[in-house]
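> just a sequence and a predicted model for now, questions to come.
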Amino acid sequence: MNALEPNVAALVWFALFWTLCCIGFLVLSGSFPLGVANERGRPSNTALALFNGALMVIFTGLTLAFGFAELRPTTLIVVMGLAFLFAPVSFEIWPERWRDGPAVLGVMGAVQLGAIAALYGVGASLVAPLV
């Protein structure tokens, strides 16, 4: 494995974080445009959707920065492609009530905050100047 990617621990962390970014994007895409949930007869929370959108931008940016700082570019391309390819499969097996709504956005916000904290713990030297 060292011949392919010498930093296996960072590879595992990046794969986890990038998969969370891909699944989070799928969950968040059900909240936009903001008026669509009301048209479907489902409750919506605009502030929660915008908060999750901001967290998604921050989390994705920090994940990419971590990946570019710790991994080879070819490894990034392969891992990002595989996660982007298979994340919808894991999203499709969720029950419909878990895919959309304020409760899902609340859970996703908590998961994103936890992932940002874990990313800070793993890549503190990278993230510390930004905080």
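Yep, it's here. Numbers count the residues shown, from 1 in each chain.
> would you map the helices across the chain?
8-29, 36-39, 46-70, 73-92, 102-122, 124-127 (DSSP state H).
> wait, Glu5 touches Pro73, no?
No: using C-beta atoms under 8 Å, Glu5 makes no contact with Pro73, being 11.0 Å away. (C-beta placed from N, C-alpha, C; glycine too.)
> neighbour count winner among these two?
A direct count of neighbours by other C-beta atoms under 10 Å for Glu5 and Pro73 places Glu5 higher, at 18 against 9.
> how far away is that one from Thr74?
Separation of Glu5 from Thr74 (C-beta to C-beta, to the nearest Å): 9 Å.
> equivalent analysis for Ser31, please.
Computed with C-beta to C-beta, the distance linking Ser31 and Thr74 is 34 Å.
> more neighbours: which of the two?
It is Ser31, of Ser31 and Thr74, that has more neighbours when counted by other C-beta under 10 Å, with 23 against 10.
> grab the nearest non-local neighbour of the more buried one.
In space, Ser31 comes closest to Ala49 once its chain neighbours are excluded; the distance is 4.0 Å by C-beta to C-beta, 6 or more residues apart in numbering.
> does the one you found really touch Val27, like I thought?
No: using C-beta under 8 Å, Ala49 is not in contact with Val27; the gap is 10.4 Å.
> give me the common contacts of those two.
Taking C-beta atoms under 8 Å, 6 or more residues apart in numbering as the criterion, Ala49 and Val27 both touch Leu105.
> rewinding a little: any idea which of the helices of the chain scores lowest on pLDDT?
Mean pLDDT across the helices of the chain is lowest at helix 36-39; the value there is a mean of 62.
> still on that earlier bit, comparing the helices of the chain, which comes out most buried?
helix 8-29 (a mean of 18; mean count of other C-beta atoms under 10 Å).
> can you list the residues that contact that helix?
Defining contact as C-beta under 8 Å, 6+ apart, one finds that helix 8-29 is touched by 1, 5, 49, 52-53, 56, 59-60, 63, 66-67, 70-71, 75-76, 79-80, 83-84, 87-88, 90-91, 99-100, 104-105, 108, 111-112, 115, 118-119, 122-123.
> done for today, thanks.
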